[in-house]
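> Turn this into a model:
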Amino acid sequence: MVIERLHARNDTSKPAYTTSPKDVLDARAARCLDCGRRHESRGHAAVTPLKIVITSAGLALTRALRGDVRRRVLLALSRFGREIRVVTAHLTESANPLGGVDPRCRLDVHLGSGARLCAEAMGDRIETAASRSAAHLALLVGAALDVQAGRPKTPGSVR
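Sure thing, here's the model as predicted:
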């Protein structure tokens, strides 16, 4: 009975995120997603629109899945707005030797300096893999930008 009440309150059949990226971002960043042109604003993270290319192999790339991956990448990397040119997400499902399937997400980013960084993660769902790889890529981009700015590496920084 307690479990039934718990599931009645927390309906897990609905997707976790029902909002579009434009609703999550502020008004200026949402306009950048629409028009694709450069807005001059001093110190604003969304000066240049972030181009996200999503491809897949071995799984059906639905509109909802594409939107979810896009939202997770935007939330993790939008703070580096001016420094990132293109983010490429490649989604796959590979066979596991034990008989299952491993969803995998590989994110590549091209920085304004010409550097290329990548992060790859696996998860029980493709959304989890996208979140993990986006979070790891955000750490890598931050560390790379610190090195470019001449800041010394801290002992616990990401490799």
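> From here on, just use CA atoms for contacts and neighbour counts.
Will do.
> Verify the stated contact: residue 111 with residue 88.
No. Judged on Cα atoms under 8 Å, residue 111 makes no contact with residue 88 at a distance of 12.0 Å.
> Give me the below-cutoff pLDDT ranges for the chain.
1-48, 152-159 (pLDDT under 70).
> can you tell me which helix in it is longest?
helix 126-148 (DSSP state H).
> For that one, which helices and strands make contact with it?
The elements that helix 126-148 packs onto, with contact taken as 3 or more Cα pairs under 8 Å, 6 or more residues apart in numbering; DSSP states H and E, are helix 63-77, strand 101-111, strand 116-122.
> what comes up buried for the first one?
Spelled out, it's helix 63-77. Neighbour-count burial for helix 63-77 flags 66-77 (criterion: 16 or more other Cα atoms under 10 Å).
> Tell me if I am right that residue 90 is in a strand.
Yes. Assessed with DSSP: H, G, I helix; E, B strand; the rest coil, residue 90 lies in a strand.
> what residues are up against it?
54-57, 105-107 (Cα atoms under 8 Å, 6 or more residues apart in numbering).
> which of the residues you listed count as buried?
Buried among those by 16+ other Cα under 10 Å: 54, 105-107.
> of all those residues, which comes closest to residue 145?
Checking the buried ones among the contacts of residue 90 against residue 145 with Cα to Cα, the nearest one is residue 107 at 17.4 Å.
> Quick check: closest non-adjacent residue to that closest one.
Leaving aside its chain neighbours, residue 107 sits nearest to residue 89 (4.6 Å; criterion: Cα to Cα, 6 or more residues apart in numbering).
> What separation do you get for that neighbour and residue 134?
9 Å (Cα to Cα, to the nearest Å).
> Can you check which residues contact both of these two?
Common neighbours of residue 89 and residue 134 (criterion: Cα under 8 Å, 6+ apart): residue 107.
> picking that back up, using TSV, lay out the buried ones among the contacts of residue 90 together with distance to residue 97.
Shown next, in TSV, are these (distance: Cα to Cα, whole Å):
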residue	distance to residue 97
54	27
105	19
106	20
107	24
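> Go through the residues you listed and say which is closest to residue 129.
Nearest member of the buried ones among the contacts of residue 90 to residue 129, counting by Cα to Cα, is residue 105, at 5.5 Å.
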